[in-house]
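Engineer: quick check, what structure comes out for this input:
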Amino acid sequence: MSEEAFRSLYRRLREQARDGTDPGRGALGHLTPERVVAAATEVRAGRTVSLAAPIETTPGPDNPQPASHRMTASAPGAADAPGLHFALDRFAMNVHGDADSHLDALCHVMYDGELYGGVPASSVTPDGAGALTSELVRDGIVGRGVLLDVPRLRGVPWLEPGDHVTADDLVAAEEAQGVTVGPGDLLFVRVGHRRRRRSLGPWNAAQQRAGLHPAAMAFLAERRVAALGSDGNNDTAPGAVAEVPFPVHVLAMNALGLHLMDYLNFEELLPVCEQLRRWHFLCVIAPLRFPAATGSPVNPIAVL
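Structural biologist: Numbers count the residues shown, from 1 in each chain. Predicted coordinates:
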């Protein structure tokens with residue numbers, strides 16, 4: 001896609017997003033209280049499944065700055081000593097890495113000097129973001145989750161790095177799985193990143209990964225999706241727009257106001273969906289409350 005075509009798509013989606021969305025909440029405006037109530041009826045079997053991968057503390061080619069975890073209290077021998085003792089620890093994480101599951105706040109993406117809704121990018125300072133932070137979803141995101149499995153559609157275990165998920169793929173996956181993405185849905189698109197990583201080992205995902213084609217974002221805009229998540233970065237690398245390294249991030253977050261979830265894990269959800277023959281479920285997403293943060297570790301829970 002040329003930069004000119006990308007900018008044309010960006011302008012069209014941005015204009016389209018102004019119809020029916022809340023400038024203060026972005027695409028979450030599609031997730032009305034009525035749709036949350038309807039999502040609760042998705043629970044049939046009472047089974048819960050995490051959509052997050054275990055946080056990693058070991059460096060790797062896709063995780064050169066891994067999360068750190070250390071014990072801060074529990075003296076040697078305390079476990080055998082009489083009386084009361086506490087085990088304490090400390091955790092630190094690079095939120096926007098290429099290995100751990102996380103949610104991107106709307107202030108994460110700056111494009112042409114602006115955030116979503118025309119908010120000046122200067123509102124993000126070295127001390128933190130002043131608008132559209134992860135605090136925007138402090139009450140969580142609860143709605144109907146829909147998983148579209150593109151490798152299953154194509155008859156492969158995973159998409160190879162550099163491959164694109166198109167709008168046609170999403171429509172075909174709907175038809176194959178007997179599900180339709182609708183207004184207010186939380187859309188999860190599987191590319192098989194986690195299965196490939198588990199089978200072949202980690203690689204430099206910053207340089208090579210499967211993801212959505214920028215033109216596929218028109219599908220999400222037309223269906224009025226409330227949030228988007230993938231087991232990859234959502235963006236393909238190498239990208240489809242040479243001049244814009246993360247076109248899906250720009251279109252989703254900056255134009256449409258869609259919160260993104262990167263590097264989720266669907267491998268535990270897949271067998272449950274296949275067993276129940278259902279690809280839609282109640283989904284509960286509860287980011288941490290960091291008032292000035294551009295994102296948060298996240299552990300979405302599917303309730304089927």
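Engineer: count the neighbours of residue 89 for me.
Structural biologist: Burial measure for residue 89: 10 neighbouring residues, criterion other C-beta atoms under 10 Å. All C-beta atoms are positioned from the backbone trio N, CA, C, and that covers glycine.
Engineer: bridged to it, which residues?
Structural biologist: The bridge-partner assignment for residue 89, based on DSSP bridges, gives residue 71.
Engineer: right, and it touches residue 71 too?
Structural biologist: Yes. Taking C-beta atoms under 8 Å as the definition, residue 89 is a contact partner of residue 71 at 5.0 Å.
Engineer: what distance do you get for the nearest residue to residue 166 once chain neighbours are set aside to residue 44?
Structural biologist: The spatial neighbour of residue 166 that comes closest, neighbours along the chain excluded (C-beta to C-beta, 6 or more residues apart in numbering), is residue 213 at 5.1 Å. The span separating residue 213 from residue 44 equals 34 Å under the rule C-beta to C-beta, to the nearest Å.
Engineer: quick check: pLDDT value at the residue nearest to residue 166.
Structural biologist: At residue 213, the pLDDT value in this model is 97.
Engineer: my read is that it contacts residue 168, right?
Structural biologist: No. Contact criterion C-beta under 8 Å: residue 213 and residue 168 do not qualify, at 9.7 Å.
Engineer: these two - which one has more neighbours?
Structural biologist: Ranked by neighbour count (other C-beta under 10 Å), residue 213 and residue 168 place residue 213 first, with 21 against 12.
Engineer: contacting residues for the more buried one?
Structural biologist: Contact partners of residue 213, counting by C-beta atoms under 8 Å, 6 or more residues apart in numbering, are 1, 164, 165, 166, 167, 236, 240.
Engineer: now swap in residue 6 and tell me
Structural biologist: Residues touching residue 6, when contacts are defined by C-beta under 8 Å, 6+ apart, comprise 214, 241, 243, 244, 247.
Engineer: what about it, which SS state?
Structural biologist: Here residue 6 is recorded as helix under DSSP: H, G, I helix; E, B strand; the rest coil.
Engineer: in this protein, which helix or strand is least confident?
Structural biologist: Using mean pLDDT, DSSP states H and E, the weakest-scoring helix or strand in the chain turns out to be strand 68-73, at a mean of 88.
Engineer: what's the offset of that one from the middle of its chain?
Structural biologist: In terms of C-alpha atoms, centre = their mean, to the nearest Å, the centre of strand 68-73 is found 28 Å from the chain centre.
Engineer: do the same with stretch 43-61
Structural biologist: On the basis of C-alpha atoms, centre = their mean, stretch 43-61 sits 13 Å off its chain's mean C-alpha point.
Engineer: quick check: mean pLDDT of it?
Structural biologist: Across stretch 43-61, the average pLDDT comes to 96.
Engineer: and the least confident helix or strand of the chain, C-alpha only, in CSV?
Structural biologist: C-alpha atoms of strand 68-73 as CSV (Å, rounded to 0.1, in the frame of the first residue of the first chain):
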residue,chain,number,x,y,z
SER,A,68,12.1,-8.7,36.1
HIS,A,69,11.0,-10.4,39.2
ARG,A,70,12.9,-10.5,42.5
MET,A,71,12.1,-11.3,46.0
THR,A,72,12.4,-8.4,48.4
ALA,A,73,11.7,-10.2,51.6
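Engineer: where does the prediction get shaky in the protein?
Structural biologist: Segments of the chain classed as low confidence (criterion: pLDDT under 70) are 19-23, 75.
Engineer: wait, residue 67 sits on residue 90?
Structural biologist: No. Contact status for residue 67 versus residue 90: not in contact, 10.9 Å apart, counting by C-beta under 8 Å.
Engineer: of the two, who's got more company?
Structural biologist: For residue 67 and residue 90, the more surrounded residue by other C-beta under 10 Å is residue 67, and the numbers stand at 18 against 10.
Engineer: for burial, what's the neighbour tally of residue 218?
Structural biologist: Close neighbours of residue 218, defined as other C-beta under 10 Å, add up to 15.
Engineer: ok but it is inside a strand, no?
Structural biologist: No. Under three-state DSSP, residue 218 falls outside any strand and is assigned helix.
Engineer: and it, how far from residue 85?
Structural biologist: Computed with C-beta to C-beta, the distance linking residue 218 and residue 85 is 58 Å.
Engineer: and if you look at residue 12?
Structural biologist: Relative to residue 85, and taking C-beta to C-beta, residue 12 is found at 61 Å.
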